[in-house]
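1. Pasting the sequence and the predicted coordinates here, then a few questions.
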Amino acid sequence: MKKILVLCTGNSCRSQIAEGYLKYFAGNQAMVYSAGIEAHGVNPRAIATMKDDGIDISMQTSNLAKDYQTIEFDYIITVCDHAKERCPVFSSAAQQFHHQFPDPAKVTGTEEEVKRAFEQVRNRIKAYAMKFVEEHVIPALHDK
């Protein structure tokens, strides 16, 4: 079983959404974790936008990257430039991936504009997670 860690600055939005989709698409073929350089708590709008797509992330927790340094990850995915630059060193031989997603929590405007920003980022992360699982988790099953 593959072990995947998703890192972001505060582990509140983007990494939480990515964790939810990676778990969904990988099913029981991967253990997925998310963490941040800091832990800001799971953003209620991230929970709501995922619920709108049928995925419940309300039980996920906001964690610190340093808490996972003893786990031998296969993949580490950073979803923001800040986390990539400040990513702690992990002892595992994990393959590292990076994809910068905009932070929907920084969007200002009307409630509808903010909701739309969360949906757009969610959809981008969903597409990335689906492709990641197809390319890195599912092919690994065929290598056995």
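-> Structure received.
2. Residue 22 is in contact with residue 30, isn't it?
-> Yes. Contact criterion C-beta atoms under 8 Å: residue 22 and residue 30 qualify, at 6.8 Å. (Each C-beta comes from the backbone N, C-alpha and C, glycine too.)
3. Specify which residue of the two has the higher count of neighbours.
-> Counted by other C-beta atoms under 10 Å, residue 22 and residue 30 do not tie: residue 22 has more neighbours, with 26 against 21.
4. Okay, and the more buried one sits in which element?
-> Here residue 22, judged by DSSP states H and E, is contained in helix 14-26.
5. Next secondary structure element downstream of that helix?
-> Using DSSP H and E, the helix or strand that follows helix 14-26 towards the C-terminus is strand 30-36.
6. and after that following strand, which helix or strand comes next?
-> Next helix or strand after strand 30-36 toward the C-terminus (DSSP H and E): helix 44-52.
7. C-alpha coordinates for whichever helix or strand comes after that following helix, CSV please?
-> For helix 44-52, the following helix or strand on the C-terminal side (DSSP H and E) is strand 75-78. What follows is strand 75-78, C-alpha atoms only, in CSV (Å, rounded to 0.1, in the frame of the first residue of the first chain):
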residue,chain,number,x,y,z
TYR,A,75,5.0,10.3,-2.3
ILE,A,76,5.1,13.8,-0.9
ILE,A,77,3.0,16.4,-2.7
THR,A,78,3.3,20.1,-2.0
